[in-house]
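> here's a sequence, model it:
(one chain, ligands or ions: 1)
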Amino acid sequence: MKLRFTKMHGLGNDFVVLDGVRQSVQLDAELLRRLGHRNFGIGFDQLLLVEPSDTAGVDFRYRIFNADGSEVGQCGNGARCFARFVHEQGLTDKTEIAVQTARGVIYPRLEQGGNVTVDMGVPRVAPAEIPFVAAEEQLNYPLDVAGHLYDISVVSMGNPHAVQVVDDVESYPVGKLGPLIEHHPRFPERVNAGFMQIVGRDEIRLRVFERGAGETLACGTGACAAVVVGIRRGLLDPGVLVHTHGGDLTIRWAGEGQPVLMTGPTATVFEGTIEL
Ligand SMILES: N[C@H](CCC[C@H](N)C(=O)O)C(=O)O
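Presented below is the predicted three-dimensional model:
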């Protein structure tokens with residue numbers, strides 16, 4: 001079976017995007033891992049599957065799979081690439097699109113100059129919604145990792161994030177601590193581990209060790225989660241420039257009960273077909 005695909009990225013967080021509207025796509029975890037392999041496959045952090053919507057008022061559905069084959073509820077950089085993809089492929093001529101994800105409908109908007117702004121929905125902080133094992137909801141939690149206590153906060157953007165503030169994100173042992181947090185027993189569905197350095201009340205540096213993919217050059221939902229944590233802790237203002245290794249995102253959040261807005265670039269790298 002031949003499968004057409006498009007290789008894209010959002011700030012270096014890279015995706016294989018499949019049109020599941022005009023071609024029939026059957027995926028399983030083993031095929032996903034094979035396609036995602038950097039040497040034996042195409043290679044990606046996540047695979048995005050675009051499908052028709054079966055909900056009135058919603059234009060598409062888009063499913064998200066990590067390189068380890070796990071299906072997840074949300075992907076911020078992927079949402080921007082999804083919006084560019086459906087436009088470039090002629091699947092829609094809308095510039096504001098309603099798309100169903102596993103964890104709710106989000107609204108990417110294509111802007112002049114190539115940027116995409118996405119209403120990423122309202123962040124959730126109740127432990128049960130992350131999910132995270134805790135006696136009660138707190139602004140931050142001491143997390144015992146290999147005998148050391150780390151001060152984390154937890155946020156779901158439709159996917160789970162554990163965020164901590166560090167003095168110097170570049171020298172921080174993200175590669176060592178990331179997997180220990182990702183697989184920590186208090187996160188029954190694992191977790192994305194975010195490490196943010198406060199540069200100013202409107203600027204942070206961020207590294208994210210992603211669940212199911214490892215450290216990526218950028219993480220859209222991770223940037224949303226980090227800004228929510230910083231604002232809730234009184235460290236950040238409602239509009240924040242987020243520096244990632246792959247480039248910059250702008251995140252805005254007006255506070256409790258409000259949606260998080262993410263703005264950033266997208267890129268289409270190449271198209272191809274693969275024989276399965
Ligand atoms: N690794 C994430 C999914 C991809 C999120 C990230 N690539 C983004 O841009 O938000 C998870 O397992 O929840």
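> what number of residues lie near residue 202?
Residue crowding around residue 202 was assessed by other C-beta atoms under 10 Å; the count is 12. C-betas here are computed from N, CA, C, even on glycine.
> roughly how far apart are residue 71 and residue 168?
With the distance defined as C-beta to C-beta, to the nearest Å, residue 71 ends up 35 Å from residue 168.
> which parts of this structure sit against the ligand?
13, 45-46, 66, 72, 75-78, 159, 192, 210-213, 216, 219-222 (C-beta under 6 Å from any ligand atom).
> among those, which lie within strands?
Using DSSP state E, 13, 46, 66, 72, 192, 210 are the members of the residues of the chain next to the ligand that sit in strands.
> now for the residues you listed: which two are most distant?
For those, the maximum inter-member distance is 13.2 Å, found between 13 and 72 (C-beta to C-beta).
> quick one: which of residue 71 and residue 168 has more around it?
residue 71 (15 against 9).
> the more buried one contacts residue 48, doesn't it?
No. The criterion here is C-beta atoms under 8 Å, and residue 71 misses it with residue 48 at 11.3 Å.
> now for the nearest residue to residue 127 once chain neighbours are set aside: which residues touch it?
Setting aside the residues directly before and after it, residue 127 is nearest to residue 134 in space (C-beta to C-beta, 6 or more residues apart in numbering), at 4.2 Å. Applying C-beta atoms under 8 Å, 6 or more residues apart in numbering to residue 134 gives the contacts 127, 141, 154, 186.
> give me the number of residues near the closest residue to residue 164 other than its chain neighbours?
Closest residue in space to residue 164, ignoring its immediate chain neighbours: residue 152 at 4.9 Å, by C-beta to C-beta, 6+ apart. Counted with other C-beta under 10 Å, the neighbours of residue 152 add up to 23.
> can you check residue 37 too?
By other C-beta under 10 Å, 13 other residues sit near residue 37.
> distance of the closest residue to it other than its chain neighbours from the ligand?
Leaving aside its sequence neighbours, residue 37 sits nearest to residue 43 (C-beta to C-beta, 6+ apart; 6.7 Å). Using C-beta to the nearest ligand atom, to the nearest Å, we find residue 43 at a distance of 14 Å from the ligand.
> these two touch, right, residue 43 and residue 5?
No. At 11.2 Å, residue 43 does not count as touching residue 5 under the criterion of C-beta under 8 Å.
> most centrally placed residue in the chain?
For the chain, residue 75 is the residue whose C-alpha lies nearest the centre (C-alpha atoms, centre = their mean; 3.3 Å).
> which SSE is the spatially closest residue to that residue that is not a sequence neighbour in?
Residue nearest to residue 75 in three dimensions, not counting chain neighbours: residue 64, with 4.5 Å by C-beta to C-beta, 6+ apart. Assigned by DSSP states H and E, residue 64 belongs to strand 60-66.
> so where do the strands sit in the stretch 101-250 of the chain?
Here the stretch 101-250 of the chain has its strands, by DSSP state E, counting those that start in this stretch, at 104-110, 116-119, 141-145, 148-156, 160-165, 192-200, 203-210, 214-215, 239-244, 247-253.
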